[in-house]
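Colleague: fold the stuff below for me.
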Amino acid sequence: MTDENLEVIQSPDVVVADVRAMIKQTREGVSQIVNAGMTLLYWRIGKRIKSEVLENHLAEYGKEIVATLSQELTI
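Modeller: The predicted structure is shown next:
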């Protein structure tokens with residue numbers, strides 16, 4: 001008999017614990033991916049605002065533009 005032919009009989013508690021561990025591990029991985037994606041998104045938005053709205057300057061009118069853009073995005 002080879003190892004491939006052997007079936008390991010596990011108690012329901014072990015199976016439930018394994019499934020919970022798989023769910024937890026997957027949730028943590030997804031969370032890390034989402035956090036990385038959101039960080040990149042915010043960086044790209046900031047870069048776009050700085051280059052196209054503020055034209056790489058920090059002028060007073062730029063503060064108003066950012067506030068207006070923020071209000072429009074909130075809606």
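Colleague: list the contacts for residue 65?
Modeller: For residue 65, the contacting residues are 53, 54, by Cβ atoms under 8 Å, 6 or more residues apart in numbering. Yep, even glycine has a C-beta here, placed from its N, CA and C like the rest.
Colleague: quick one: mean pLDDT over the longest helix along the chain.
Modeller: With secondary structure taken from DSSP state H, the chain has its longest helix at helix 12-48. Average pLDDT, helix 12-48: 94.
Colleague: tell me how far that helix lies from the chain's centre.
Modeller: On the basis of Cα atoms, centre = their mean, to the nearest Å, helix 12-48 sits 7 Å off its chain's mean C-alpha point.
Colleague: now swap in stretch 42-57 and tell me
Modeller: So, by Cα atoms, centre = their mean, the centroid of stretch 42-57 is 22 Å from its chain's centroid.
Colleague: swap in stretch 66-75?
Modeller: 23 Å.
Colleague: C-alpha coordinates for stretch 46-53, PDB please?
Modeller: Only the C-alpha atoms of stretch 46-53 are listed here, as PDB (Å, rounded to 0.1, in the frame of the first residue of the first chain):
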ATOM      1  CA  GLY A  46      -2.100  62.700  -5.100                       C
ATOM      2  CA  LYS A  47       0.400  62.600  -7.900                       C
ATOM      3  CA  ARG A  48      -2.400  63.400 -10.400                       C
ATOM      4  CA  ILE A  49      -3.700  66.300  -8.400                       C
ATOM      5  CA  LYS A  50      -0.200  67.700  -7.900                       C
ATOM      6  CA  SER A  51       0.800  67.400 -11.500                       C
ATOM      7  CA  GLU A  52      -2.400  68.300 -13.300                       C
ATOM      8  CA  VAL A  53      -4.400  70.400 -10.900                       C
END
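Colleague: if we can go back for a sec, and the next helix or strand past the longest helix of the chain?
Modeller: Using DSSP states H and E, the helix or strand that follows helix 12-48 in sequence is helix 60-74.
Colleague: that next one vs helix 12-48, what angle?
Modeller: On the basis of axes from the mean of the first three to the mean of the last three Cα atoms, to 10 degrees, helix 60-74 is oriented at 140 degrees to helix 12-48.
Colleague: could you give the mean pLDDT of helix 60-74?
Modeller: When pLDDT is averaged along helix 60-74, the result is 77.
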